[in-house]
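A.B. asks: take a look and give me a structure for this.
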Amino acid sequence: MENINYKPIPVDGSPTLIMRYYEAKIPQKGILIFVHGVSHGAWCWEKFVNFFTEIGYTCFAVNLRGHGDDKTNKKGLLRQYVDDVSRCIDFCKIYCGIHKIPYSKPSLLGHSMGGGIVELYMNDHSKQIKNAILFAPATAQGMGASTFSTTASKTGLYTAPTILGKPNKYLLKSNFFIAKTDSKIFTPRITDKKELEFYNEHLCSENVFAMLGLISFKLNKPNIPVFVIGSDKDAFFPAASLNRTANFYNTKPMILKGLCHDMMLDPEWGKAAQSVLEFIENPEGLKDKPIEFIDALEKKIYPEQSK
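C.D. replies: Reported below is the predicted structural model:
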C-alpha cells in the first residue's frame with residue numbers, strides 16, 4: 001500500500017529524527033509538511049502525498065520521535081514533539097538548499113494531536129511557515145477532560161489497544177476509523193481487510209503523558225492564514241470542537257460530512273485533500289473573508305447540495 005517513491009531523510013541532532021521526502025512530479029508550486037497524530041507516523045499521508053505531488057507540491061512528512069519509521073527513540077512529551085517539528089522544518093530549508101530544490105515557506109498541516117502540535121508551533125515560529133492547516137485537530141487551547149471520556153465508551157475501548165501498542169482485531173470499530181453521531185451510533189468507515197491489516201501493523205503505542213498535554217495549553221494568535229477542517233462525524237473532534245478552534249483563530253471551519261477522524265485514510269479522503277488544496281492556493285481568501293470562502297468551498301465539495 002505504501003508509496004515507494006519517497007526518500008527517508010535523517011534529521012541530525014538528539015534524537016535523530018526521520019522524515020520522508022516526496023518530490024513534486026511537475027514543476028513545483030509549493031511545499032507541504034505533514035505532521036501525524038497519536039499512534040500514527042509519516043506513512044499515514046500516502047494518499048495525500050500522491051495527490052499533492054501529482055499537482056506540483058513537494059511534500060515532507062514528519063515522524064515524531066518513536067513513531068513510524070523511527071524504531072529506536074522513545075516517544076516524547078507534547079513539547080518535545082513540538083521541538084521535533086521545529087527541527088524538521090528548519091532542516092527542510094537546509095535539505096532544499098543542498099539538493100537545489102526551490103524553497104519557499106511551507107504550508108504546515110497537522111492531524112489530531114499533530115494539529116495541537118502545529119498550534120503550539122505557531123506560538124513561536126509562525127514566521128517560518130506560509131500558513132497552517134489544522135486537520136481534525138485537537139481543540140485549540142485544550143480539549144478539556146471531556147474528550148478523554150470517549151475512551152470509556154465502547155468505541156474508545158476498541159481504540160485503546162492500538163494506543164497501547166497491542167494488536168487490535170477490533171480496529172475497524174475504533175475512534176480512528178468510525179463515523180459517530182450525537183446519539184452514539186457509529187458506522188465503520190474503513191472496512192477493507194488489507195487496509196486494516198496494514199494500519200494495525202503500522203499504528204504504534206503512544207506516550208499517555210503527551211496526550212494529557214492536550215487537555216489544556218495556552219496559545220497565541222498568529223498573523224498567518226489558518227484553515228480548520230474536520231468532519232461532523234469525527235469521534236474525537238466533531239463540529240463543536242472544530243467551531244471552537246476556528247473561533248479562536250477568527251475564522252470559519254470547513255466541516256466535511258460523514259468522514260472518520262482519520263480523514264486522510266477515509267474512503268472520501270479526496271474531499272479533504274481537495275479542500276486543503278483550495279485553501280493553500282488561496283489562503284488570503286480565507287483570511288480576508290472566511291464566511292464567503294467556506295461557503296464557496298462547501299458548494300464546490302458538495303455541489304449536489306447547492307442546487
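A.B. asks: and the gap between M143 and W269?
C.D. replies: Going from M143 to W269 by Cβ to Cβ, to the nearest Å gives 24 Å. Heads up, the C-betas are built off the backbone N, CA and C, glycines and all.
A.B. asks: pick out whichever of the two has more residues nearby.
C.D. replies: Neighbour totals were compared for M143 and W269, and M143 leads with 22 against 18 (other Cβ atoms under 10 Å).
A.B. asks: name the SS class of I133, please.
C.D. replies: Following DSSP: H, G, I helix; E, B strand; the rest coil, we place I133 in the strand state.
A.B. asks: number of residues surrounding the residue lying closest to it once chain neighbours are set aside?
C.D. replies: Distances taken as Cβ to Cβ, 6 or more residues apart in numbering put L109 closest to I133, at 4.0 Å, once the chain neighbours are dropped. Neighbourhood size, L109 [other Cβ under 10 Å]: 30.
A.B. asks: secondary structure element holding L109?
C.D. replies: Assessed by DSSP states H and E, L109 sits inside strand 107-111.
A.B. asks: Provide the strand pairings for that strand, with the direction of each partner.
C.D. replies: With DSSP bridges as the test, strand 107-111 is paired with strand 30-35 (parallel), strand 131-135 (parallel).
A.B. asks: now do the contacts for the residue nearest to C44 when sequence neighbours are not counted.
C.D. replies: Once flanking residues are discounted, C44 sits nearest to H36: 5.4 Å by Cβ to Cβ, 6+ apart. H36 makes contact with A42, C44, W45, A61, V62, N63, L64, H67, G68, H111, S112, G114 under the criterion Cβ atoms under 8 Å, 6 or more residues apart in numbering.
A.B. asks: state the mean pLDDT of the helix or strand in which T53 is found.
C.D. replies: Here T53 sits within helix 46-54, counting by DSSP H and E. Helix 46-54 carries an average pLDDT of 97.
A.B. asks: flag every buried residue along it.
C.D. replies: Applying a neighbour-count criterion of 16 or more other Cβ atoms under 10 Å, one finds E46, K47, F48, V49, F51, F52, T53 buried in helix 46-54.
A.B. asks: what of stretch 114-131?
C.D. replies: Neighbour-count burial for stretch 114-131, counted by 16+ other Cβ under 10 Å, picks out 114-122, 125-126, 128-131.
A.B. asks: next one: stretch 270-281
C.D. replies: Buried residues in stretch 270-281, defined by neighbour count with 16+ other Cβ under 10 Å: K271, A272, A273, S275, V276, E278, F279, I280.
A.B. asks: burial check on K105, number of neighbours?
C.D. replies: For K105, the count of nearby residues is 15 (other Cβ under 10 Å).
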